[in-house]
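Peer 1: The following block contains a protein sequence and its predicted model.
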Amino acid sequence: MNAPFHALVVRQQDGQAHAALETLTAGQLSPGEVTLRTRYAGMNYKDCLSLLGKARIISSYPRIPGIEAVGEVIASEDAAFSPGDAVLVHGFQTGIDFDGGLSEVMRVPARHLQRVPEGLTPRQAAIIGVPGFTAAMALERFEAWGLQPGDGPIAVTGAGGAVGRLAIHILSRAGYRVAALTRDLAQTDALRALGASDVLDACLALAPPRPLEKARFAAAIDNVGGSTLAWLLRSMQDGGLVASVGNAAGNTFDGSVLPFIMRRVHLFGIVANATWEERLRLWHKLAQDWAPDFAALAPDVHEIRLGDVLAHAQRQLAGATSGRTLVAFGEAA
Ligand SMILES: NC(=O)c1ccc[n+]([C@@H]2O[C@H](COP(=O)([O-])OP(=O)(O)OC[C@H]3O[C@@H](n4cnc5c(N)ncnc54)[C@H](OP(=O)(O)O)[C@@H]3O)[C@@H](O)[C@H]2O)c1
């Protein structure tokens, strides 16, 4: 329990955040009743911002980023968990207010932890992670509004990223036609292999705006924000549903009210930091009816080691990575 281990720690110096690989012991981690040996952490866009000090995400320093992880319990002061349990954690300010997954050992409050759902291996749960959970939240909201596969295609922007690829795959397996928007058309074959029916050049969204565009989509998952979100709103069919998930291209957008008052378009936000009721329900679906075909996802899943994370984060923020990247620990790699 007191054995030293490695973690990526972000410290603040002169108002600037710096991340470095450090050697720690468990007593230096933020408090939690359950100690884990981390098996996988996911590389999320938000983690890259934290690691490189590009946005104020971490609440107080020093902090280990990593908003999601899958691990094995090695000690527990809470009767709900025992050594050997395969568990996952995401949300609950993990990697923000609490030390996160970019560490060989984690201490997690028991109230933040859940078992890896039955039907998934730890690695499969890690592949789904926050991106798959986020896509499932959007799909559940669409269906709660009454969306059905026959209503029309669902657009997915930032299609080459982790949320984009998992969304394409999960939506297509649920029976929907998916139109993938990407800046990198070299990914066309890969996106089609995941289930995209159409692959569109993301430049479409950058053309000079018209009051309304051709009504193409019944729903949309937007990972990009900025003018792409404005274009999506103008491109929805009557009653179209737009889930705003991400901001890879920016936080602000210029829009008009016309999509809302001429086509009854609905715009809503997704926050993956779900309630326990939503978590258990959606993880069950992701392990059963909405489970990915992991063989089909395999070419899109990349593994790196803790020592590679900072260089990877630079590339991911520059939009030079694609698919789902897991940080694999110990024998997991
Ligand atoms: N709301 C939530 O709870 C939640 C949960 C998870 C993620 N997110 C957010 O969702 C977004 C996507 O996350 P992710 O994990 O998929 O990130 P990611 O793996 O880094 O992928 C982002 C994708 O967006 C596109 N992109 C990147 N920079 C862009 C730019 N400047 N202009 C236009 N497109 C750009 C790229 O797709 P192409 O190369 O295909 O164009 C890239 O692959 C992020 O903003 C993230 O913070 C939100």
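Peer 2: Nice, thanks for sending it over. As the structure is a prediction and not an experimental result, all values here were calculated from the model.
Peer 1: For the residue lying closest to residue 328 once chain neighbours are set aside, grab the count of nearby residues.
Peer 2: In this structure, residue 328 finds its nearest non-sequential neighbour in residue 303, 4.5 Å apart by Cβ to Cβ, 6 or more residues apart in numbering. All C-beta atoms are positioned from the backbone trio N, CA, C, and that covers glycine. Residue 303 is flanked by 15 other residues according to other Cβ atoms under 10 Å.
Peer 1: tell me the domain boundaries of the chain?
Peer 2: Domain ranges of the chain: 5-116+300-332, 129-269, per automatic domain parsing.
Peer 1: What's the end-to-end length of the shortest one?
Peer 2: Read it as domain 129-269. Length of domain 129-269, first residue to last, Cα to Cα, to the nearest Å: 19 Å.
Peer 1: Please enumerate the strands of the stretch 201-333 of the chain.
Peer 2: For the stretch 201-333 of the chain, strands defined by DSSP state E, counting those that start in this stretch occupy the ranges 217-222, 236-244, 266-269, 301-304, 324-328.
Peer 1: quick one, which of the domains of the chain is nearest to residue 276?
Peer 2: Among the domains of the chain, the nearest to residue 276 by Cβ to Cβ is domain 5-116+300-332 (8.4 Å).
Peer 1: I figured residue 133 hits residue 282, correct?
Peer 2: Yes - using Cβ atoms under 8 Å, residue 133 is in contact with residue 282, at 6.1 Å.
Peer 1: what is in contact with the two at once?
Peer 2: residue 274 (Cβ atoms under 8 Å, 6 or more residues apart in numbering).
Peer 1: show me where the stretch 151-300 of the chain has helices.
Peer 2: 162-173, 188-194, 226-234, 258-263, 276-287, 294-297 (DSSP state H, counting those that start in this stretch).
Peer 1: any chance of those in JSON lines, plus mean neighbour count and distance to residue 323?
Peer 2: Output for the helices of the stretch 151-300 of the chain, formatted as JSON lines (neighbours: other Cβ atoms under 10 Å; distance: least, Cβ to Cβ, whole Å):
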{"stretch": "helix 162-173", "mean neighbour count": "27", "distance to residue 323": "6"}
{"stretch": "helix 188-194", "mean neighbour count": "19", "distance to residue 323": "8"}
{"stretch": "helix 226-234", "mean neighbour count": "24", "distance to residue 323": "20"}
{"stretch": "helix 258-263", "mean neighbour count": "15", "distance to residue 323": "31"}
{"stretch": "helix 276-287", "mean neighbour count": "17", "distance to residue 323": "18"}
{"stretch": "helix 294-297", "mean neighbour count": "14", "distance to residue 323": "8"}
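Peer 1: Any idea how many residues pack against residue 245?
Peer 2: 28.
Peer 1: Spit out the contact partners of it.
Peer 2: Per Cβ under 8 Å, 6+ apart, neighbours of residue 245: 134, 138, 163, 221-223, 269-270.
Peer 1: change it to 7 Å
Peer 2: Residue 245 sits next to 134, 138, 163, 221-223, 270 when contact means Cβ atoms under 7 Å, 6 or more residues apart in numbering.
Peer 1: do the same with residue 164
Peer 2: Residue 164 neighbours (Cβ under 7 Å, 6+ apart): 156, 158, 223.
Peer 1: and the ligand, which of these contact it?
Peer 2: For the ligand, the contacts drawn from the contacts of residue 164 by Cβ under 6 Å from any ligand atom are 158, 223.
Peer 1: how deep is the closest residue to residue 184 other than its chain neighbours tucked in, by neighbour count?
Peer 2: The spatial neighbour of residue 184 that comes closest, neighbours along the chain excluded (Cβ to Cβ, 6+ apart), is residue 160 at 5.6 Å. Using other Cβ under 10 Å, residue 160 has 23 other residues around it.
Peer 1: and if you look at residue 82?
Peer 2: 11.
Peer 1: Give me the contact list for the lengthiest helix in the chain.
Peer 2: Looking across the chain with DSSP state H, the single longest helix is helix 122-144. With contacts defined as Cβ under 7 Å, 6+ apart, helix 122-144 is touched by 39-40, 42, 44, 67-68, 70, 86, 88, 90, 116-117, 162-163, 166-167, 170-171, 174, 219, 221, 241, 243, 245, 268, 270, 272, 274, 282, 285-286, 290, 292, 294, 297, 301, 324, 326.
Peer 1: Cross-check those residues against the ligand and keep the overlap.
Peer 2: Within these, those near the ligand by Cβ under 6 Å from any ligand atom are 44, 162-163, 245, 270, 272.
Peer 1: Now that we have those residues, can you turn them into TSV and tack on pLDDT and distance to residue 313?
Peer 2: Compiled in TSV, those are given as follows (pLDDT from 0 to 100; distance: Cβ to Cβ, whole Å):
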residue	pLDDT	distance to residue 313
44	95	10
162	95	13
163	97	17
245	98	20
270	97	23
272	93	19
